[in-house]
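Visitor: Got a sequence here, can you build the structure:
(one chain, ligands or ions: 3)
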Amino acid sequence: MRILLTGISGQVGAALLPVLGRLGTVVAADRARLDLARPQAIAAALDALSPDLIVNPAAYTAVDRAEDERDLAFRVNAEAPGAMARWAAARGVPLVQFSTDYVYDGGGTQPWREDDSTGPLCVYGASKLAGEAAVRAAGGPHLVVRTSWVYAASGANFLRTMARLARERSELRVVADQIGAPTSAALISDALVKVLASAQDDIAGRFAAASGLVHLAASGETSWHGFAAAIVAGLRARGVPLKVEAVTAIATADYPTKAHRPANSRLDLGRLSTVFGVTTPDWEAALQPELDRLAAELRG
Ligand SMILES: NC(=O)C1=CN([C@@H]2O[C@H](COP(=O)(O)OP(=O)(O)OC[C@H]3O[C@@H](n4cnc5c(N)ncnc54)[C@H](OP(=O)(O)O)[C@@H]3O)[C@@H](O)[C@H]2O)C=CC1
Ligand SMILES: Cc1cn([C@H]2C[C@H](O)[C@@H](COP(=O)(O)OP(=O)(O)O[C@H]3O[C@@H](C)C(=O)[C@@H](O)[C@H]3O)O2)c(=O)[nH]c1=O
Ligand SMILES: [Mg+2]
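Guide: Ligands and ions are numbered 1, 2, ... in the order given. Below you'll find the model as predicted:
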């Protein structure tokens with residue numbers, strides 16, 4: 001089986017690259033081989049790459065910048081996955097498309113279930129939701145994997161931002177009224193390989209059993225403030241010299257950003273376990289190996 005993997009310079013793609021090889025031959029496609037900003041060129045590129053399975057974590061992920069780059073965000077996050085899905089559907093090739101908690105409007109306090117209604121608050125979320133719809137509309141075997149708050153010891157993410165600020169500043173001020181599950185890229189790749197392995201004999205059938213949509217995130221919940229506090233405590237416990245003295249909980253209203261973000265990003269993980277038999281570790285447990293790696297880097 002030839003598995004096409006996009007986004008290999010990103011967090012999730014980089015984590016998947018070394019492990020997808022257990023399931024087949026990985027064909028890695030970076031931006032030079034498959035540019036998602038040029039959806040019209042995708043079918044020809046896929047003809048040349050000739051995959052039997054497509055895993056597409058590549059995306060436009062700059063949430064605030066997307067408010068000013070709507071066209072580009074929609075091309076990369078919606079039109080390109082649509083083009084991939086149409087190519088795949090015509091050949092019966094299964095497609096795994098990643099999506100986000102930002103498709104929800106953030107209301108309430110209960111974990112979202114996959115069949116709850118969506119209502120993105122920002123351009124990024126709307127573009128990802130349009131990508132989901134385009135994949136579904138193509139009508140081929142597909143699985144949309146909605147995850148949340150992705151980080152890794154490397155890459156551009158909240159973990160590294162907090163680690164940098166904690167060395168530069170005496171106080172971190174972080175929103176405590178947005179609740180979700182920080183999810184490491186390593187957790188996502190472990191769980192996705194289990195999903196694909198459990199489905200291997202009948203990928204299309206298993207994807208259909210999930211109605212083509214599944215939440216996949218760490219278990220448990222916290223706020224961005226709780227995540228920041230765990231990062232600071234964890235780095236300090238590992239001997240990383242930090243300047244920070246206080247991690248202060250603030251309200252979203254006190255941290256104005258261009259894009260609006262959901263207050264409630266909790267994802268119900270029931271379908272992941274009932275359809276695929278996969279459960280995920282608690283967010284704080286999954287954070288520890290990433291802190292080990294980051295602390296080793298920062299201690300030099
Ligand atoms: N990051 C997060 O917090 C969350 C992410 N998600 C979703 O999970 C998936 C993986 O995210 P993550 O790994 O964190 O993303 P990253 O931002 O770490 O990586 C994005 C990847 O997409 C690639 N990419 C961007 N634009 C293009 C393009 N025009 N053509 C080809 N490749 C492109 C980047 O390549 P290059 O290096 O060339 O720019 C990079 O490899 C995405 O679908 C995202 O929407 C869901 C929830 C949370
Ligand atoms: C840096 C910083 C951020 N914040 C807030 C802003 C925001 O509400 C929250 C997280 O900040 P970020 O900019 O990392 O968040 P953001 O880039 O919006 O993260 C999102 O990325 C996309 C791709 C997703 O799909 C989402 O699941 C989510 O992970 O923390 C503070 O309160 N204080 C700070 O010092
Ligand atoms: Mg960000």
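Visitor: Write out the residues of the stretch 101-250 of the chain neighbouring ligand 1.
Guide: With Cβ under 6 Å from any ligand atom as the criterion, the stretch 101-250 of the chain comes near ligand 1 at residues 128, 147, 148, 149, 150, 155. C-beta coordinates here come from the backbone N, C-alpha and C atoms, glycine included.
Visitor: contacting residues for residue 250?
Guide: With contact set as Cβ atoms under 8 Å, 6 or more residues apart in numbering, residue 250 has these partners: 173, 174, 175, 176, 225.
Visitor: Same list (these) but as CSV, adding pLDDT, distance to residue 237 and neighbour count.
Guide: Listed next are the contacts of residue 250 as CSV, based on pLDDT from 0 to 100; distance: Cβ to Cβ, whole Å; neighbours: other Cβ atoms under 10 Å:
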residue, pLDDT, distance to residue 237, neighbour count
173, 98, 22, 16
174, 98, 19, 22
175, 98, 24, 20
176, 98, 22, 19
225, 98, 18, 20
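Visitor: Compare the residues of the stretch 101-250 of the chain next to ligand 1 and tell me which has the most neighbours.
Guide: Sorting these by how many neighbours each has (other Cβ atoms under 10 Å) puts residue 128 first, at 31 neighbours.
Visitor: just checking, that residue touches residue 97?
Guide: No. In this structure, residue 128 is not within contact of residue 97 by Cβ atoms under 8 Å, at 9.2 Å.
Visitor: which one is residue 226 nearest to, not counting chain neighbours?
Guide: Among residues not flanking residue 226 along the chain, residue 176 sits closest, at 7.3 Å (Cβ to Cβ, 6 or more residues apart in numbering).
Visitor: tell me the contacts of the one you found?
Guide: Here residue 176 is in contact with 223, 224, 225, 226, 249, 250, 251 (criterion: Cβ under 8 Å, 6+ apart).
Visitor: what's the answer for residue 206, then?
Guide: For residue 206, the contacting residues are 198, 199, 275, 276, taking Cβ under 8 Å, 6+ apart as the criterion.
Visitor: Quick check: closest non-adjacent residue to the residue in the chain that ligand 1 sits nearest to.
Guide: Ligand 1 sits closest to residue 10 of the chain, with a gap of 2.1 Å, by Cβ to the nearest ligand atom. Ranked by Cβ to Cβ, 6+ apart and with sequence neighbours excluded, the top spatial neighbour of residue 10 is residue 57, at 6.2 Å.
Visitor: Now do that neighbour against ligand 2, distance only.
Guide: Here residue 57 is placed at a distance of 11 Å from ligand 2 (Cβ to the nearest ligand atom, to the nearest Å).
Visitor: for that residue, what are its contacts?
Guide: Listed by Cβ under 8 Å, 6+ apart, the contact set of residue 57 reads 5, 6, 7, 10, 12, 13, 16, 98.
Visitor: Quick check: buried residues in stretch 14-34?
Guide: Residues of stretch 14-34 classed as buried: 14, 15, 16, 17, 20, 23, 26, 27, 28, 29, 34 (neighbour count, 16 or more other Cβ atoms under 10 Å).
Visitor: Ends of that stretch, what's the gap?
Guide: 16 Å (Cα to Cα, to the nearest Å).
Visitor: now check that stretch, is it near ligand 1?
Guide: Yes. Counting by Cβ under 6 Å from any ligand atom, ligand 1 has neighbours in stretch 14-34: residue 31.
Visitor: swap in stretch 257-269?
Guide: No. Residues of stretch 257-269 are not located near ligand 1 by Cβ under 6 Å from any ligand atom, the shortest gap being 9.2 Å.
Visitor: still on that earlier bit, can you tell me which of the contacts of residue 250 end up in helices?
Guide: Cross-referencing the contacts of residue 250 with the helices (criterion: DSSP state H) gives residue 225 as the overlap.
Visitor: and the two most separated of the contacts of residue 250?
Guide: When the contacts of residue 250 are compared pair by pair using Cβ to Cβ, the two farthest from each other are 173 and 176, 9.9 Å apart.
Visitor: Which positions in stretch 279-291 come out as buried?
Guide: By neighbour count, and taking 16+ other Cβ under 10 Å as the criterion, the buried residues in stretch 279-291 are 280, 281, 283, 284, 286, 287, 290, 291.
Visitor: Run through the neighbouring helices and strands of the helix or strand harbouring the fifth one.
Guide: Just to be clear, that refers to residue 286. Applying DSSP states H and E as the criterion places residue 286 in helix 283-299. Helix 283-299 sits against helix 158-168, strand 183-184, helix 185-199, helix 224-237, with contacts defined as 3 or more Cβ pairs under 8 Å, 6 or more residues apart in numbering; DSSP states H and E.
Visitor: and if we set it to 6 Å?
Guide: helix 224-237 (3 or more Cβ pairs under 6 Å, 6 or more residues apart in numbering; DSSP states H and E).
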